[in-house]
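Visitor: Provided below are the primary sequence and the corresponding predicted coordinates.
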Number of protein chains: 2
Amino acid sequence: MATGTRRERERAERERAIIAAARALALAEGWDAVTTRRLAAQIEYSQPVLYSHFKGKDAIMAAVAVEGFAELATALATARASAAGPRQAVADVAAAYVTFAEQRPALYDAMFTLAVDLPFASQDVPTDLARGFAELADAVRPIAGDDDLEAITETFWSGLHGLVTLMRSGRLRRADHDRRLAVLVDRFSR
Amino acid sequence: MATGTRRERERAERERAIIAAARALALAEGWDAVTTRRLAAQIEYSQPVLYSHFKGKDAIMAAVAVEGFAELATALATARASAAGPRQAVADVAAAYVTFAEQRPALYDAMFTLAVDLPFASQDVPTDLARGFAELADAVRPIAGDDDLEAITETFWSGLHGLVTLMRSGRLRRADHDRRLAVLVDRFSR
DNA sequence: TCCAATTCCTAGCGCTGCTAGATATGTGAG
DNA sequence: CTCACATATCTAGCAGCGCTAGGAATTGGA
C-alpha cells in the first residue's frame, strides 16, 4: 500500500497544480482565457487528465472559488480585528471586502457571479463562506440593535456586492467610489 | 429613390426581427442558447446576414439591452407616480426594480452584467438609462436632504442590484427576500 | 436587353468543452 | 525473471461555437 499512497500523493499534487494554473491564468487574462487545452499544457499533461480530477471546467472554477472563500474570510477577519471601535469596524470590513474584489476580480467572479451550482452545495465551501459571512455579521451586530441581524447583514453584503460589480462593469464611475462606500457604511452603522 | 426606401424599410424590419428573436430566445433559454446559427434559422436567413446588421453577437445583445433600459425606466416611473407619499415611493420603486429583474432575468443580464462595452458608449442608451436613474434619484431625493444625492442614488441602486444578482445566483435565500428589501428601503428612507 | 451593383448563401477556419478507443506504464503472481 | 493484468495516459475526433472569404443569385438602371 506504500505505492498506493505515493500515487495518491502525486495525484493530489497534480490536482493542486491544476487549480493553481487555472487561478493564475484567470487572474492574468480572465476566465475566458482559461481553456482546458491551455490548462493541460500548463501542467504538462494531456487534456483528458483534467477530467479524471474534475467533472468539467465548471468544477475547476469552483475549486478556485473555494480557495477564494477562505481568503476573503481571513481578509475580513483581519480588518475587523484591527478596527478601532464598532463603527470603524463596519467601515474597515467594507473596505476590505471591496479591496479583495478589486485586487482579485477573476477570483471574485468565480465566487459570486459565475460557477453557480457546485460550491454552495459541497462541504467545505459553506464553512469558509459562513466564516466570511460571520465576519460581516459580527461587524454589523453592535449597530443592528435588536433588528433582524441576518437580514441586515445580507443586505449590507448585497450593497457591497452591487457596488463592486457595477463599478467593475463600467456602470458606475470609479472616481466616486469612496463617496458611495461612505454612504453605504453610514446607512448601515447608525 | 422609392425603391431604396422600400429596401431600407425591409432592412429595418429584419433588424427588428433579429432583436426580437434574440430577446425571445434569451428569455426562454438564456443567453447561452442564443447562437448566431439559431438566430439565423429563426429569421429564415443565413448566418452572415446577421453580421450585415450587427458587428457581432455582443452588439445584438446590446441592442436587446437598449430595449430593456427603456422598459425599466417606464416601470420605475409608473411605480413612483402611483406611490402614496415620499417614503412609499422609495419602497415602490425598489419593488418595481426587483420585479423587473426577476421577471426578465435574461434582459436584466444583458443590461447590467453582460455586454459591457457597447451600450454605455452609444447614443440612445444613456438617454433611457438616465431616465431610469433619474426615477431612482427622484424617489430618493425627498429623503436625502442636503446629502450627496448622486452618491446616495447610486448606492441605493447598488443595493438593489446586489440583492437581485445574489439571490438569482443562489447566494441568498429567496424566502428572506422581502425582509432584505425592507431593510434596504428602511436604510435609505430615513 | 444587357450590364453593374447589391444582396445573399455556401463552405470553411480556428476555436471551444468533452469523450471513446487505443497505447503505454507500472504492479503483483508464478 | 517473466508474463499477464490493471491502471494511467495519450491520440484523435465529435459537435458546436463566433465569425468571414468568395462565389452565386437577384435586383435596378441605362
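Guide: Perfect, I can see it now. Note that the structure is a prediction, hence the values are computed from the model and not measured.

Visitor: Check which element follows the lowest-mean-pLDDT helix or strand in chain A along the chain.
Guide: Using mean pLDDT, DSSP states H and E, helix A:124-144 stands out as the lowest-scoring helix or strand of chain A, at a mean of 81. Reading on from helix A:124-144 to the C-terminus, the next helix or strand found by DSSP states H and E is helix A:149-168.

Visitor: elements contacting the top helix by length along chain A?
Guide: When chain A is parsed with DSSP state H, its longest helix is helix A:2-29. Taking 3 or more C-beta pairs under 8 Å, 6 or more residues apart in numbering or on different chains; DSSP states H and E as contact, the helices and strands that helix A:2-29 lies on are helix A:36-43, helix A:47-53, helix A:57-81, helix A:105-112. Every C-beta, even on glycine, is put in place using the N, C-alpha and C of the backbone.

Visitor: Does DNA strand C have contacts with the first one?
Guide: Yes. Helix A:36-43 comes into contact with DNA strand C when judged by C-beta under 7 Å from any atom of the strand, the residues involved being A:36, A:37, A:38.

Visitor: Which among those count as buried?
Guide: residue A:36 (16 or more other C-beta atoms under 10 Å in any protein chain shown).

Visitor: Now do the helix or strand containing residue A:180: which elements does it pack against?
Guide: Assigned by DSSP H and E, residue A:180 belongs to helix A:177-187. Judged by 3+ C-beta pairs under 8 Å, 6+ apart, helix A:177-187 is in contact with helix A:86-103, helix A:149-168, helix B:149-168.

Visitor: mind exporting stretch A:8-21 as PDB, just the C-alpha atoms?
Guide: Output in PDB follows, covering the C-alpha atoms of stretch A:8-21 (Å, rounded to 0.1, in the frame of the first residue of the first chain):
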ATOM      1  CA  GLU A   8      -2.300   9.300  -4.300                       C
ATOM      2  CA  ARG A   9       0.200  12.000  -3.200                       C
ATOM      3  CA  GLU A  10       1.200  12.600  -6.800                       C
ATOM      4  CA  ARG A  11      -2.400  12.800  -7.800                       C
ATOM      5  CA  ALA A  12      -3.200  15.300  -5.100                       C
ATOM      6  CA  GLU A  13      -0.200  17.400  -6.100                       C
ATOM      7  CA  ARG A  14      -1.300  17.400  -9.700                       C
ATOM      8  CA  GLU A  15      -4.800  18.400  -8.700                       C
ATOM      9  CA  ARG A  16      -3.300  21.300  -6.800                       C
ATOM     10  CA  ALA A  17      -1.300  22.200  -9.900                       C
ATOM     11  CA  ILE A  18      -4.400  22.300 -12.000                       C
ATOM     12  CA  ILE A  19      -6.200  24.600  -9.600                       C
ATOM     13  CA  ALA A  20      -3.100  26.900  -9.300                       C
ATOM     14  CA  ALA A  21      -2.800  27.100 -13.100                       C
END
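
Visitor: Distance from the chain centre to that stretch, please.
Guide: Stretch A:8-21 has its C-alpha centroid displaced from the chain centroid by 21 Å (C-alpha atoms, centre = their mean, to the nearest Å).

Visitor: Is there proximity between that stretch and DNA strand C?
Guide: No. Stretch A:8-21 lies out of reach of DNA strand C by C-beta under 7 Å from any atom of the strand, never closer than 10.4 Å.

Visitor: neighbours of the residue of chain A found nearest DNA strand D, just the number please.
Guide: Proximity of chain A to DNA strand D (C-beta to the nearest atom of the strand) peaks at residue A:46, 3.3 Å away. Other residues near residue A:46 come to 10 when the count uses other C-beta atoms under 10 Å in any protein chain shown.

Visitor: Quick check, it in contact with residue A:40.
Guide: Yes. Using C-beta atoms under 8 Å, residue A:46 is in contact with residue A:40, at 5.8 Å.

Visitor: quick one: residue A:61 from residue A:104, how far?
Guide: 14 Å (C-beta to C-beta, to the nearest Å).

Visitor: Looking at those two, which is more packed in?
Guide: residue A:61 (25 against 19).

Visitor: quick one: the more buried one and residue A:22 touch, right?
Guide: Yes. Contact criterion C-beta under 8 Å: residue A:61 and residue A:22 qualify, at 7.1 Å.

Visitor: picking that back up, could you see whether chain B lies near the least confident helix or strand of chain A?
Guide: No. Helix A:124-144 is not in contact with chain B by C-beta under 8 Å from any C-beta of the partner chain; minimum separation 8.7 Å.

Visitor: ok so, going back, what do residue A:61 and residue A:22 both touch?
Guide: residue A:34 (C-beta atoms under 8 Å, 6 or more residues apart in numbering or on different chains).

Visitor: returning to that earlier point: residues of the least confident helix or strand of chain A that come out buried?
Guide: By neighbour count on 16+ other C-beta under 10 Å, the buried set for helix A:124-144 is A:125, A:128-129, A:131-133, A:135-141, A:143-144.

Visitor: Contacts only, for residue A:6.
Guide: Residue A:6 neighbours (C-beta under 8 Å, 6+ apart): none.

Visitor: now it: how far from residue A:20?
Guide: 21 Å.

Visitor: before we move on, back to that, residues in contact with the least confident helix or strand of chain A?
Guide: A:62, A:65-66, A:69-70, A:72-73, A:76-77, A:80, A:83, A:86-87, A:89-90, A:92-93, A:97, A:119-120, A:149-150, A:152-153, A:156-157, A:188-190.
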